[in-house]
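1. model the structure of this input:
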Amino acid sequence: MKKFWPISLFAISFALVEAAVVVYLRALYYPQGFDFPLNTPPDGMLRMELLRELATLAMLGSVGAAAGKNGWQKFAYFMYGFGLWDIFYYVWLEVFIGWPASFFTPDLLFLLPVVWWGPVLAPVVVALSLCISAAIIVRRGEEGKELPLKATDVALVTAGAVLILYTFMVDAPILQAGGLPPPYRWGTFWFGEAIGILAFARMLRRRTDG
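-> Numbers count the residues shown, from 1 in each chain. Here you go, the predicted model:
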């Protein structure tokens, strides 16, 4: 569990770097303040931004791979780093520019493979879920209680993730065409989150019962 401390320091520091870059980008493309509809940057700048997002995932994945002893731990440390990075990205934006105004402020989340959007609360909930799950997985592993993984678990987790990702990406054509995002699909989001929690609880209960 001691590895969570350096990973936390990395994630929080990296979130500061990410937030600073976004502050610069917003000053360039949204001088009056970020809001929808989206301003499309030049092709060269857009390609650079896509590469930056890929590099972000690679860096967080590398930290998880270096810290973990096995596949479960590597994935768990990646989840923890990603979740904490995402949470503190918003913390630093609040510190730097006083944004977002609330947890329900809409945000541009990602650009790969299409434009993602959602109220700030949605990615924060996902990030908290990742952090908590990761801590449990690592702690169980250190106690010699690796979580069993069955096909039904994979199917449930995948279904929950797909539903959540659907809410983030389904409106990409509208946003890319310069439109405003429609009401966020909270019902689908919470259903996907509940499925993921159910799958994880089943794994924990199965291991405890066993």
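2. enumerate the positions of the worst-scoring helix or strand of the chain on mean pLDDT that are buried.
-> Scoring the helices and strands of the chain by mean pLDDT, DSSP states H and E places helix 186-209 at the bottom, with a mean of 87. If you call a residue buried by 16 or more other Cβ atoms under 10 Å, then helix 186-209 has these buried ones: 189, 191-193, 195-196, 199-200, 202-203. C-betas here are computed from N, CA, C, even on glycine.
3. and that helix, how far from the chain's centre?
-> What separates the centre of helix 186-209 from the centre of its chain is 18 Å, taken as Cα atoms, centre = their mean, to the nearest Å.
4. hmm, who's touching it?
-> Contacts with helix 186-209, where a contact means Cβ atoms under 8 Å, 6 or more residues apart in numbering, come from 118, 122, 125-126, 129, 133, 136, 140, 145-149, 152-153, 156-157, 159-164, 166-167.
5. return the subset of those lying in helices.
-> 122, 125-126, 129, 133, 136, 140, 152-153, 156-157, 159-164, 166-167 (DSSP state H).
6. any quick ChimeraX command for the buried ones out of these?
-> Selection of buried members from those for ChimeraX, criterion 16+ other Cβ under 10 Å:
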select :122,125,126,129,133,140,153,156,157,160,161,163,164,167
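7. please compute how far stretch 108-121 lies from its chain's middle.
-> The answer for stretch 108-121 is 10 Å, by Cα atoms, centre = their mean.
8. pull out the buried residues from that stretch.
-> The neighbour-count check on stretch 108-121 (16+ other Cβ under 10 Å) flags 108-110, 115-121 as buried.
9. now do the end-to-end distance for that stretch.
-> End-to-end span of stretch 108-121 (Cα to Cα, to the nearest Å): 13 Å.
10. so which of the buried residues of stretch 108-121 is the closest to Leu16?
-> Among the buried residues of stretch 108-121, Val120 lies closest to Leu16 (Cβ to Cβ), at 17.5 Å.
11. tell me who's in contact with that closest one.
-> 90, 100, 102-107.
12. closest one to Tyr29 out of those residues, please.
-> Among the contacts of Val120, and counting by Cβ to Cβ, the member closest to Tyr29 is Asp107, at 14.5 Å.
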